[in-house]
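Give the three-dimensional model of this entry:
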Amino acid sequence: LLFLSCIFQMDTTQESYLDLFPLDAIVYLTPDSENVLEEIDPSKVYVLGGLVDESIHKKLTLQRAQEQSLQTARLPIREYMVKTINTKNYHSETLAINQVFDVLLTYYETGSWPAALKAGVSSGKGYVLPDAVK
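Presented below is the predicted three-dimensional model:
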């Protein structure tokens with residue numbers, strides 16, 4: 001499990017984030033959340049889920065966060081990107097941990113969601129920035 005505190009402090013541990021931080025400081029990032037991450041709050045701890053729940057266990061990370069009474073958020077992919085036409089008709093907002101980390105770090109450094117999403121969301125996910133559509 002990977003969690004980020006103030007974006008630059010990264011720790012890995014066997015301990016549960018529930019034991020390490022107050023519940024109201026934890027934001028569990030999941031692509032299934034109804035809440036859009038609009039800003040990064042340095043007083044929050046962002047949990048990057050380590051589960052791949054795109055197909056077999058859909059919404060598993062959201063369910064886990066809700067069971068633990070945690071705040072959830074998703075990256076603003078739908079708000080800043082558009083679906084591309086592709087042969088597989090494939091569109092996914094589920095990203096690998098390193099991609100989410102790249103997005104968060106780039107946003108923290110630039111304050112720009114378009115720049116951040118460009119850095120972390122590959123075109124293979126079926127989403128691109130509007131200016132990339134031809």
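
Quick check: Ile97 touching Tyr46?
No. Ile97 is beyond contact range of Tyr46, at 11.5 Å (criterion: CB atoms under 8 Å). Quick note: C-beta positions are derived from backbone N, CA and C, even for glycine.

For those two, indicate the residue with more neighbours.
Tyr46 (23 against 14; other CB atoms under 10 Å).

what is that one paired to in the beta sheet?
Counting by DSSP bridges, Tyr46 forms beta bridges with Leu4, Val27.

Hmm, Leu104 and it touching each other?
Yes. Using CB under 8 Å, Tyr46 is in contact with Leu104, at 6.9 Å.

and the residue nearest to Val100 when sequence neighbours are not counted, what are its phi and psi?
The shortest distance from Val100 to any non-neighbouring residue, by CB to CB, 6 or more residues apart in numbering, is to Leu48 (5.1 Å). Backbone geometry at Leu48, expressed as degrees, to the nearest 10, gives phi -100, psi 110.

Figure out the helix or strand that Ala116 lives in.
Per DSSP states H and E, Ala116 falls inside helix 113-120.

Can you name every helix or strand that that helix contacts?
On a contact count with 3 or more CB pairs under 8 Å, 6 or more residues apart in numbering; DSSP states H and E, helix 113-120 meets helix 77-80, helix 97-110.

C-terminal to it, what's the next element?
With secondary structure assigned by DSSP H and E, helix 113-120 is succeeded by strand 127-128.

Distance from that next one to the middle of the chain?
Its chain's average C-alpha position is 15 Å from that of strand 127-128, according to CA atoms, centre = their mean, to the nearest Å.

Great, nothing more from me.
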